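Enquirer: Kindly generate the corresponding structure for this input.
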Amino acid sequence: MFSSIMTVCGTLISIYTFIIIARIIISWFAGGGYGHGYRRGYGRVFRLFTVLTDPYLNFFRRCTFFHFGPFDFSPVFALIILSVAGNVFQSLADFQQITCGLVLALLVVRLWAAAAFFIGLYIFLTLLRLVGVLVRLNSASPFWRYIDMVLNPVLLPLTRLIFRGRRVSYITALVSGALSLLALRFGGAALIERLALLIQRIPF
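Expert: Predicted structure coming up:
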C-alpha cells in the first residue's frame, strides 16, 4: 500500500513537471516570457497551464538569486526541485525508506546537472564567438552583440581572475575563458560524483 502511494505521488510529480515544461515551451512560441502568457491569452490550454503552474513558478521567480542579468533561470531550479522530489518518492516506492543523505545527494547531483548544462552552453558560445573574431565577421551585428551580452557577465570576471586585472585582447579572453570553463566542467563532474557518494553515506 505504502509503495503504491509513493508510486502515485512520483507519477503526479512527473505529470506536473511535464505541464511546467509544456507551459514554458508554449510561451516561447507565443512570443513572450513564461510570465506573460496568461495576460495575452494564448488559448484555453495555456491558460489552464498557467493557473496550475504559476503559483509554484512564482515562488522561485521572486528569488533574485535566480536572475542572472537579463536572464531568469528560476524555472530551471523549480524543475530541479521537482526532479529531486520525484526521485525521493521513487526511492520510497522501491525501498520504503529514505535518508537525509540520499536526498542531499540527489539535490547536489541535480544542481550540478543544471550547472553543467549552462557551463556547456557558455563553452559553445565562447568558441562560437572566438570563431567569429578569428574570421573577422562583423562584430557590430545584432547577433554578435547579443552573444557578447550573454558572455560578458561570465567572461569578464574569469579574465580578471586569471590575469589579475591586467588588460588582455578579446581573443585571449575568449581562449582563456573557454579553457577555464572546460576545466570547470570536467573537474566539477569528478568532484560532484565523489561528493554525492560521500553525502549519500549519511545514515539519517
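Enquirer: Pretty sure residue 139 sits in a helix.
Expert: No. Counting by DSSP: H, G, I helix; E, B strand; the rest coil, residue 139 falls outside a helix, being coil.
Enquirer: who's in contact with it?
Expert: Residues near residue 139 by Cβ atoms under 8 Å, 6 or more residues apart in numbering: 132, 133, 145, 148. To be clear about C-beta, it is placed using only N, CA and C from the backbone, and glycine gets the same treatment.
Enquirer: ok, and the most crowded of these?
Expert: Tallying neighbours with other Cβ atoms under 10 Å puts residue 132 at the head of the contacts of residue 139, with 18 neighbours.
Enquirer: tell me which element that one is part of?
Expert: helix 100-134 (DSSP states H and E).
Enquirer: For the contacts of residue 139, work out which two are farthest apart.
Expert: Greatest spacing in those, by Cβ to Cβ: 133 and 145 (13.3 Å).
Enquirer: Flag the helix or strand of this structure with the lowest per-element mean pLDDT.
Expert: Within the chain, confidence by mean pLDDT, DSSP states H and E is lowest for helix 37-40 among all helices and strands, at a mean of 46.
Enquirer: Next SSE downstream of that helix?
Expert: Next along from helix 37-40, by DSSP H and E: helix 44-61.
Enquirer: Just the C-alphas of the very next helix or strand once past the helix holding residue 132, formatted as PDB.
Expert: Per DSSP H and E, the first helix or strand lying C-terminal to helix 100-134 is helix 142-163. Output of helix 142-163 as PDB, limited to C-alpha atoms (Å, rounded to 0.1, in the frame of the first residue of the first chain):
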ATOM      1  CA  PRO A 142      22.900  42.300 -33.500                       C
ATOM      2  CA  PHE A 143      23.700  38.600 -33.400                       C
ATOM      3  CA  TRP A 144      27.300  39.100 -32.100                       C
ATOM      4  CA  ARG A 145      26.200  41.900 -29.800                       C
ATOM      5  CA  TYR A 146      23.700  39.500 -28.200                       C
ATOM      6  CA  ILE A 147      26.400  36.800 -27.800                       C
ATOM      7  CA  ASP A 148      28.700  39.400 -26.200                       C
ATOM      8  CA  MET A 149      25.800  40.400 -23.800                       C
ATOM      9  CA  VAL A 150      25.400  36.800 -22.700                       C
ATOM     10  CA  LEU A 151      29.100  36.100 -22.500                       C
ATOM     11  CA  ASN A 152      30.500  39.200 -20.800                       C
ATOM     12  CA  PRO A 153      29.000  38.600 -17.300                       C
ATOM     13  CA  VAL A 154      30.900  35.300 -17.100                       C
ATOM     14  CA  LEU A 155      33.900  36.100 -19.300                       C
ATOM     15  CA  LEU A 156      35.000  39.400 -17.700                       C
ATOM     16  CA  PRO A 157      35.200  38.000 -14.100                       C
ATOM     17  CA  LEU A 158      37.100  35.000 -15.300                       C
ATOM     18  CA  THR A 159      39.500  37.100 -17.200                       C
ATOM     19  CA  ARG A 160      40.100  39.400 -14.200                       C
ATOM     20  CA  LEU A 161      40.700  36.400 -12.000                       C
ATOM     21  CA  ILE A 162      43.100  34.600 -14.400                       C
ATOM     22  CA  PHE A 163      45.100  37.700 -15.400                       C
END
